[in-house]
Each structure stands twice: as C-alpha cells, then as structure tokens.
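Asks: show me how the following folds:
(chains A, B, C and D)
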There are 2 protein chains.
Amino acid sequence: MAKIDDVARLAKVSKGTVSNVFSQKRPTSSEVRERVLNVSRQLNYVPNHTARSLVTKKTMAIGLTIPHGNFFFSAFHTQFINGVILEASYFGYRVLLDIIPTQQVKTPFLTSYPIDGAIVMSPITEDERINLMHVGQIPFVTVGRVMNKNMDNMSSVDNDNHKIMYNICEYLIGKGHTNILFLNANELMTVSIDRKSSFIKVMNDHGLDVEEHMIQHKPALHSSEYMDYGYEETIRILGKQKIEVTAIIADDDRTAFSVLNAIKDLNLTVPGDISLFVICGDLSMMVQSNPPLTSMDLQPSELGTQSVRLLMSQLGVLQGELSANVIVDSKIIERNSCSMNSHRHYS
Amino acid sequence: MAKIDDVARLAKVSKGTVSNVFSQKRPTSSEVRERVLNVSRQLNYVPNHTARSLVTKKTMAIGLTIPHGNFFFSAFHTQFINGVILEASYFGYRVLLDIIPTQQVKTPFLTSYPIDGAIVMSPITEDERINLMHVGQIPFVTVGRVMNKNMDNMSSVDNDNHKIMYNICEYLIGKGHTNILFLNANELMTVSIDRKSSFIKVMNDHGLDVEEHMIQHKPALHSSEYMDYGYEETIRILGKQKIEVTAIIADDDRTAFSVLNAIKDLNLTVPGDISLFVICGDLSMMVQSNPPLTSMDLQPSELGTQSVRLLMSQLGVLQGELSANVIVDSKIIERNSCSMNSHRHYS
DNA sequence: CTGAAAGCGCTTACAG
DNA sequence: CTGAAAGCGCTTACAG
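Replies: Prediction:
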C-alpha cells in the first residue's frame, strides 16, 4: 500500500500538505489539492487509519458491550444495535462489538481498548464492565440504571421503568385483573429490580397484595437456557391454582410465546381465560402472533440512537446541552391479548 | 495513562523488556517479569493498542459486513453473528460491525479500514464490497457465492443450496404436492439465484412445470419493507386460484409468519389445506409458532464459526489445510406444518 | 497556503 | 536474557 511519503514525493509537496488534503483541517489551494488527489488515486493511496489514530488519539470507533451470556441477541438487542449503527455512522464512527465471552480465549486481550467510548447495555448489579471503563478511562453511557458503588453522575439512557409498570398495571387493573403473574427479567439486571419494586408499589397503591410467587425471574441471561422458562412457570403456577391468575406480564417476546403455548396446553385461551401483556417485544413478532399480543413498546432503536448522541456529546463531537439521563418514551400498543376479567368471583 | 517509558523507568529495565513481558514474544526472567508486572499494576499500565498495531500491522479486529438495507438483522444474522463473535474472540480478535449505511454520513470514512480481514455476508450480484476489499487488499471470506466478474478463487462458506432445494422439493413432492409456491429471497442475492434455478431443475426432473408466478422474490432487502410481502403474495396468488397451490416454501421466518396469517384470513389451515415449509428460521420462533413450522436448518451459527476459521487460516493465525469453500450441512427439521396433499384431483 | 521537524507509543532487528 | 536505536505512517505546532 502506498504511504504518505510516496504521494508527497510524486505530487512534489510535503507530507503535511498531503495530510491536510485528506484531513481538511487546514485549507489547501485547489491546484495543490487536485495534484495530490490525482496522485493518490493513481497510487491507490488512503491514509493509514492506525497511524492517524496514534497521533490524534482517536480510534473513531465506539464499543458496544452486551453482557456475556446475553450475547445471544434478542429482538430488543437487534433493534437497539440498528439504532446505534445508524447514528454512529452518521458521526463517522464505527461500532466494535465488544463482547468478550467468558469462554476460554486463546489469546487474551492484553492491550488498551481501541475505542473512544463505549455503550454499556443492560447493566447488572455491581457490573464489572463499569469498573473496566473506569480504569481504562473510557467515556461511556449505560443503557439502563447502574448500581455500582461510588459511581454517580454517569450518563445513561433508559425508559422510565416505574412509569412502564404503572401504566401496565393500571391497564390490567382497569380490566378487572387483580391476580397478575409477572415474569420478570433476570434478577441480576437492574431493570428487573426497578420493575419489581414498581410493580409491587402500584399494586399496593390499589390495595392489592402481591404474593411472592407472583413475581418470577428469568433464571439465566442465556437465551438457550431460558427458552422454556415461560412455559414451565406458567404450567407450574397456573396448573396448581388455575383460577387465581387472570393476567400475565411477560418480560420479552420469547417468554410470551412460550407462555402462550403453556396456556394452550392447559386448555385455556388468550385473552378469554388469561390476558397476556408483553413488555418488550419484536414488533413483527407481536403482530404475527396468534392472537396478536398487546405490548409495551420500549423503542429500542431510539434507545440506541440516543445513547450514541449522549456518548458523542461526552466525546465533544456533538455540541449543545444534553441531559446526562435521557428518558426514551414508551407506550402501550393494544392488540388482542388482553380483555376484561371474566371471572366474576373477583370483581 | 501510563506509557511504556514510565514502566521501564520505574522497573529499571528497557522499553524492549517491558514490551517482551506483555507480548511474550521473547522469554524474560521471572524476576524481571515480576518487577515489570508489579510496576504496571501500580501505574495501571496496559500496552497501547494503536501503537502496537502501527508496528505489527495488525489491528486484531475483523470486519463483518452485512449489506446495507439488510442491516436490520434477522434471526439468521443474529445467530450468525453469535458464531462469529465466539470464534473470533477465541483467536483474540474483535469484531467490527462494518455496516456503512447509504444514509448521508456527516464524516466520510476517508482512511484505510482498521481491520485485518473481513467477512462479507449475503453477497449480491456485482457486490461492490468485494471490490472494496480488493483495492484495500484486505483478506476476506464470503458467506454465500460471489458472482463478481474476474474474481475467482475466493474463500467462501455456504450451505449447499442445490441440495437444500432438492431435499425440500423431494420432501414436498413425496407428500403429493406438485403446485408449490416459492417465496424466494431478494432477487439480487446470489443465494436466491441459485435456489431459483435448483427449484426449477428439481421440479422439472420430476416432470413438473414451474409457472413463472410460482416463484416470487422479496421486493427489498429492508425488513420494514418486506414485512407484509408474504401476506400479500399469499393473498394475491391463493386468493385468485385457491386450489392450485397446496404448498408454500418461505425464505425466512418473518415471511412464513405473514404467510400463516394470510392463510388464516383466507379461511384455510396449515397443514390441512396448505403445507408451509420455512427455509431459514429462528429455532425458537419455529417451535413456538402455531402450528410449529417444519424448516430447513441452515446452522447460521456454524456458518459464522466456519467463516472465522477460514479467515484465520487466510491470516496465517490458524494452521493446517482448510478448504477454500466450506459447506455447512443443512437438514430438515420436521415439525407440524407439512402434510400429505389431500386434494385428490392432483394425485 | 506550505514545509521541515518532532513526536504519537509501541516493536524489532541487531548486538551483546 | 537484556539494551539502545531505528522505525511503523501519520499529524501538528512552529516558522515562513
């Protein structure tokens, strides 16, 4: 590959001038620019990314970390990533999938991270990724609330989890449901902690008790391991005391689908016998389901976009005031999986 | 951040020695190693990735390019990426999501690609990404067949598309289906070209004609644009001449789901009236569907793994003979969406 | 607007 | 096993 010296020599200018033509950091006369560009085309020259990075101290890449075990993307992750890529590329940044599985690696990554900043998805309690970013002095934003000790003032993007649970419960209670089974995310995730407490609070505000077994947590972060979780929990809890549960809130679409199958196998119907509400699901899957599932749209793509913008403002790339904690709106999309509670003895 | 000079000075060794302790390219006495490591810990030192890259000429990253427009990942992409990440990290490589949307970008990427090699997914006819890799002299492997001019001898990973169509058609014909509607991928994709010709050939081999309207192509690469394609095509073709089509082959899970809805809206059932076969679908979605869908498992995760291994052997990281064209096995997974053709007038 | 020179933080022959 | 020096390919003050 041709290098800057080759171009400089052939175009009869200095390296600095060639540099300026490409970086456009200083003006160049159109005459010189043309000459340099012609020679560059001729030699197939393009500035070496690494060499530039070394002096500018910018890699023009951001890391996207999804917790290991969770790297089997859900539709939520997928759409989030779409938002990130689109917005990052708008600013000229690339996206490094910074997912280091715990699996045994042959060569450990014993260098600095080649990124300018990071997006930390789905934080858990005492998330070690946050500590890594701190020691590496890498600017980052989190998607979701962080609970690490001694670490305040972090930028984050999130939905309003309390509002989410408030709206869902109001919606379901408004339809006469009082015994609601909540199939929550894994209990290590901060989001599950927030949603659990909000769920209990809203129910209590309506004078309703929440028995312990009415909140279940996804056993693992791994999708292959929780595939049947929704099914088994539904069979277990509804099978024991069928009539008590009249509504189920599922944390994601896969869980919802397996709940749906369990309900069918129990010879019950949705929404006739059981109302099913999905917190975060793939739009197309929700629509194609039978029945179409009522869900809370978390706007994952918008979460991705906003997290990049927040990071860019931390990196000084994006000007202007940006709140350190961006809340992305969420809203209920009614389809056909929730109906009035028909079990009279509850009303 | 501390640099190598700081460590060298404090540990009273040369920079070269510090370098060796971290790179392990030359042996160091345990005494010196300990001293260097202690100082490094104390100073929070880690070798600068960019500086190392500049001299080693390795970025330790591979690019993963998914055609723009297609960057709204399907389950196939997702599982493929999982395979790539897992295998790449095993070799100490990171994965750069090298998806440059055509959307207007503020800052163009006017430098070399900071990657050692690339994986080019879902090639289309005259794929410009292939040309880019060539001029940038970046080793790459493709996932799927490439049809660019003057470019033979490329490494690729693929399923055996002819065998896939052969097996699917045999399976369906064996169940008495002769009028099969094939909802193929976008016609620009090389895979759709291969599957189309194989489909026609196998049908002809059985003495069956394939009318032109029995092969349809996904109109766009964008998922948001083809969401309803399966539905509309099904309504259009089956609605006109209901009885003629008794089986449908859908290219992916989303298309299959929307076909399912269309069939339902036509007051027909699967597999009673219409048999539905999915070529490439998300396992969990296929299982959760109602009815569970019979599909061809393409092993996307294995495709990812193999493409990384092939790339690694090109980079000289992986020793041994590796065929330049790896074929990943595919197999039919019977579930419950295909049955014997019950329309007697065809048998 | 352009050039000459120093420097970014490492690794790598070369020598011992 | 260790050190001194050159060099990877750029950018950036500094000077003009």
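Asks: in what helix or strand does residue A:62 lie?
Replies: Using DSSP states H and E, residue A:62 sits in strand A:61-65.
Asks: can that strand be found next to chain B?
Replies: Yes. Shown here: strand A:61-65 in contact with chain B (Cβ under 8 Å from any Cβ of the partner chain) through A:61, A:64. Where you see a C-beta, it was placed from the backbone N, CA and C, and this is true even at glycine.
Asks: that strand: what's the following helix or strand?
Replies: Downstream of strand A:61-65, the next assigned helix or strand under DSSP H and E is helix A:75-90.
Asks: what is that following helix packed up against?
Replies: strand A:61-65, strand A:94-97, strand A:117-121, helix A:300-314 (3 or more Cβ pairs under 8 Å, 6 or more residues apart in numbering or on different chains; DSSP states H and E).
Asks: swap in 6 Å and give it another go.
Replies: Other helices and strands packing on helix A:75-90, by 3 or more Cβ pairs under 6 Å, 6 or more residues apart in numbering or on different chains; DSSP states H and E, are helix A:300-314.
Asks: average model confidence for the helix it packs on?
Replies: Helix A:300-314 carries an average pLDDT of 94.
Asks: what comes up buried for the helix or strand following that helix?
Replies: Next helix or strand after helix A:300-314 toward the C-terminus (DSSP H and E): strand A:325-328. For strand A:325-328, the neighbour count (16 or more other Cβ atoms under 10 Å in any protein chain shown) marks A:326, A:328 as buried.
Asks: ok, and what's touching the helix or strand following strand A:325-328?
Replies: Per DSSP H and E, the first helix or strand lying C-terminal to strand A:325-328 is strand A:331-333. With contacts defined as Cβ atoms under 6 Å, 6 or more residues apart in numbering or on different chains, strand A:331-333 is touched by A:295-297.
Asks: compare those and tell me which is most surrounded.
Replies: residue A:295 (30 neighbours; other Cβ atoms under 10 Å in any protein chain shown).
Asks: which ones among the contacts of strand A:331-333 lie within helices?
Replies: Among the contacts of strand A:331-333, DSSP state H puts none in helices.
Asks: closest to DNA strand C out of those residues?
Replies: The shortest approach to DNA strand C among these belongs to residue A:297, at 45.3 Å (Cβ to the nearest atom of the strand).
Asks: tell me the contacts of that closest one?
Replies: Contacts of residue A:297 were listed using Cβ under 6 Å, 6+ apart, and they are A:331, A:333.
Asks: hey, what's it bridged with?
Replies: residue A:331 (DSSP bridges).
Asks: and the gap between it and DNA strand D?
Replies: Using Cβ to the nearest atom of the strand, to the nearest Å, one gets 43 Å for the distance from residue A:297 to DNA strand D.
Asks: tell me the pLDDT at that residue?
Replies: Listed pLDDT for residue A:297 reads 94.
Asks: just the strands in the stretch 101-250 of chain A please.
Replies: Secondary structure of the stretch 101-250 of chain A (DSSP state E, counting those that start in this stretch): strands located at A:117-121, A:140-143, A:155-159, A:180-184, A:215-217, A:247-252.
Asks: report the angle between the third one and strand A:117-121.
Replies: In terms of direction (axes from the mean of the first three to the mean of the last three Cα atoms, to 10 degrees), strand A:155-159 departs from strand A:117-121 by 30 degrees.
Asks: helices or strands next to strand A:155-159 in the packing?
Replies: Secondary-structure packing of strand A:155-159 (3+ Cβ pairs under 6 Å, 6+ apart): strand A:140-143, helix A:300-314, strand A:325-328.
Asks: does the longest one come close to chain B?
Replies: No. Counting by Cβ under 6 Å from any Cβ of the partner chain, no contacts exist between helix A:300-314 and chain B, the nearest distance being 9.4 Å.
Asks: redo the contacts of strand A:331-333 as TSV? Include distance to residue B:264.
Replies: Converted to TSV, these look like this (distance: Cβ to Cβ, whole Å):
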residue	distance to residue B:264
A:295	20
A:296	26
A:297	24
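Asks: just those now: which is nearest residue A:306?
Replies: Comparing those against residue A:306 with Cβ to Cβ places residue A:297 closest, at 15.0 Å.
Asks: the nearest residue to residue A:215 once chain neighbours are set aside bridge partners, please.
Replies: Nearest residue to residue A:215, sequence neighbours excluded (Cβ to Cβ, 6 or more residues apart in numbering or on different chains): residue A:182, at 4.8 Å. Applying DSSP bridges to residue A:182 gives these bridge partners: residue A:215, residue A:249.
Asks: same question for residue A:64.
Replies: Where residue A:64 sits in a bridge, its partners, by DSSP bridges, are residue A:97, residue A:119.
Asks: burial measure for it, as a count.
Replies: 26.
Asks: from what I can see it touches residue A:119, true?
Replies: Yes. The pair residue A:64 and residue A:119 passes the contact test of Cβ atoms under 6 Å, sitting 5.1 Å apart.
Asks: how about the secondary structure of residue A:16?
Replies: Assigned by DSSP: H, G, I helix; E, B strand; the rest coil, the conformation of residue A:16 is helix.
Asks: list the contacts of stretch A:126-135.
Replies: The contact list for stretch A:126-135, computed with Cβ under 6 Å, 6+ apart, reads A:65, A:118, A:120, A:140, A:146, A:148.
Asks: again with stretch A:12-21
Replies: The contact list for stretch A:12-21 (Cβ under 6 Å, 6+ apart) reads A:4, A:7-8, A:26, A:28, A:33, A:36.
Asks: restrict those to contacts with DNA strand D.
Replies: Filtering the contacts of stretch A:12-21 for proximity to DNA strand D (criterion: Cβ under 7 Å from any atom of the strand) leaves residue A:4.
Asks: hmm, back to that, can you lay out the contacts of stretch A:126-135 as TSV showing neighbour count, distance to residue B:341 and pLDDT?
Replies: Formatted as TSV, the contacts of stretch A:126-135 follow (neighbours: other Cβ atoms under 10 Å in any protein chain shown; distance: Cβ to Cβ, whole Å; pLDDT from 0 to 100):
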residue	neighbour count	distance to residue B:341	pLDDT
A:65	27	51	88
A:118	25	56	95
A:120	25	54	92
A:140	26	58	93
A:146	19	58	85
A:148	19	61	80
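Asks: for the residues you listed, which one is nearest residue B:194?
Replies: Nearest to residue B:194 among the contacts of stretch A:126-135: residue A:65, at 37.4 Å, using Cβ to Cβ.
Asks: how much space separates the nearest residue to that closest one once chain neighbours are set aside from residue A:201?
Replies: Once flanking residues are discounted, residue A:65 sits nearest to residue A:98: 4.6 Å by Cβ to Cβ, 6+ apart. With distances taken as Cβ to Cβ, to the nearest Å, residue A:98 is found 35 Å from residue A:201.
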